[in-house]
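Colleague: Below is the structure, and that's it, no one-letter string:
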């Protein structure tokens, strides 16, 4: 019995999150999954918009009251950021599917491009929405 306990104590530990530091690719992968969930939830708001527009003016007014509230604006902003990030990261994955950009330097650069694209497109969208 003590021999098996000695063997167990000498075995290496399984790698886990406390051992590895987060890397760009792993962080972007987790963010890709999170933005997929956020887009699914945010799409319910788009469905609400379409249904309220189809139902009538009173229902549409209720939707607009929520959409123009601070919580509604935060939700729409988050949804648009998730949309642009998820789209850009999806394109990055399509490029990976061709067998390109697998080395670490290219993966980091592509990750930064994805993040910049998402931020710039979100800012541009919201700027254009409020400039009218």
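Modeller: Good, I have the coordinates. Small disclaimer: the values here were computed from a predicted structure and weren't measured.

Colleague: How far off centre is the helix or strand harbouring residue 105?
Modeller: Using DSSP states H and E, residue 105 maps to helix 104-131. Put simply, helix 104-131 sits 12 Å off its chain's centre (CA atoms, centre = their mean, to the nearest Å).

Colleague: Not counting residues beside it along the chain, what's closest to residue 38?
Modeller: Spatial nearest neighbour of residue 38, chain neighbours left out: residue 82 (4.1 Å); criterion: CB to CB, 6 or more residues apart in numbering. C-beta: built from backbone N, CA, C; applies to glycine.

Colleague: just checking, what packs against the helix or strand containing that neighbour?
Modeller: Using DSSP H and E, residue 82 maps to helix 70-97. If contacts are counted by 3 or more CB pairs under 8 Å, 6 or more residues apart in numbering; DSSP states H and E, helix 70-97 sits against helix 24-55, helix 57-67, helix 104-131.

Colleague: So what touches the shortest one?
Modeller: Surrounding helix 57-67, the residues in contact under the criterion CB atoms under 8 Å, 6 or more residues apart in numbering are 45, 48-49, 51-53, 72-73, 76.

Colleague: Quick one: residues contacting the residue nearest to the spatial centre of the chain.
Modeller: Centroid-nearest residue in the chain, with CA atoms, centre = their mean: residue 35, separated by 2.5 Å. For residue 35, the contact set (CB under 8 Å, 6+ apart) comprises 81-83, 85-86, 89.

Colleague: From residue 102, how far out is it?
Modeller: 23 Å (CB to CB, to the nearest Å).

Colleague: What ranges in this structure fall below the confidence cut-off?
Modeller: 1-18 (pLDDT under 70).
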